[in-house]
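Chemist: Could you look at this predicted model? Sequence included:
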Amino acid sequence: MAVHIGIGTYEGSVCGLGLKPSESAGLELEYGYTPHSGTVRDIVVDGSMMMSAGADDLIRIYNVQKRKEVGTLVQHNGPVNCLDI
């Protein structure tokens, strides 16, 4: 079982780090891009899905295995501060 860690930045970037039990090299950068125009407020990873919430009033949804954004939730009335799957 691999471990996935999501990291958000003040600049709106999202990075994913992975750790595979069979490897002893430590964490490895799996993906990184800038989907938000403001601070990333929260990230949640569950299996193959990751969601990021930002100060830009958006929630971005990603497929971690495919390394592809699969959707965006819009029309929030302010920054999204917390996510839960």
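Modeler: Alright, I've got the coordinates.
Chemist: got the contact list for Gly54?
Modeler: The contact partners of Gly54, taken as CB atoms under 8 Å, 6 or more residues apart in numbering, are 8, 12, 35-41, 60, 79-80. C-betas here are computed from N, CA, C, even on glycine.
Chemist: Same check on Asp46?
Modeler: Per CB under 8 Å, 6+ apart, neighbours of Asp46: Ile85.
Chemist: could you redo the last one with a cut-off of 10 Å?
Modeler: 4, 64, 84-85 (CB atoms under 10 Å, 6 or more residues apart in numbering).
Chemist: Got the phi and psi for it?
Modeler: For Asp46, the backbone dihedrals (degrees, to the nearest 10) come out as phi -140, psi 100.
Chemist: so Cys82, which of the three states?
Modeler: coil (DSSP: H, G, I helix; E, B strand; the rest coil).
Chemist: got the contact list for it?
Modeler: Counted by CB under 10 Å, 6+ apart, Cys82 has contacts 41-42, 44, 53.
Chemist: hmm, try it at 6 Å
Modeler: Asp42 (CB atoms under 6 Å, 6 or more residues apart in numbering).
Chemist: likewise Glu30?
Modeler: By CB under 6 Å, 6+ apart, the residues touching Glu30 are 16, 18.
Chemist: Report the buried residues of the helix or strand hosting it.
Modeler: Element membership for Glu30 (DSSP states H and E) is strand 28-33. In terms of neighbour count (16 or more other CB atoms under 10 Å), strand 28-33 has its buried residues at 30-31.
Chemist: got the residue ranges for the strands in the protein?
Modeler: 3-8, 14-19, 28-33, 40-46, 49-54, 59-63, 68-73 (DSSP state E).
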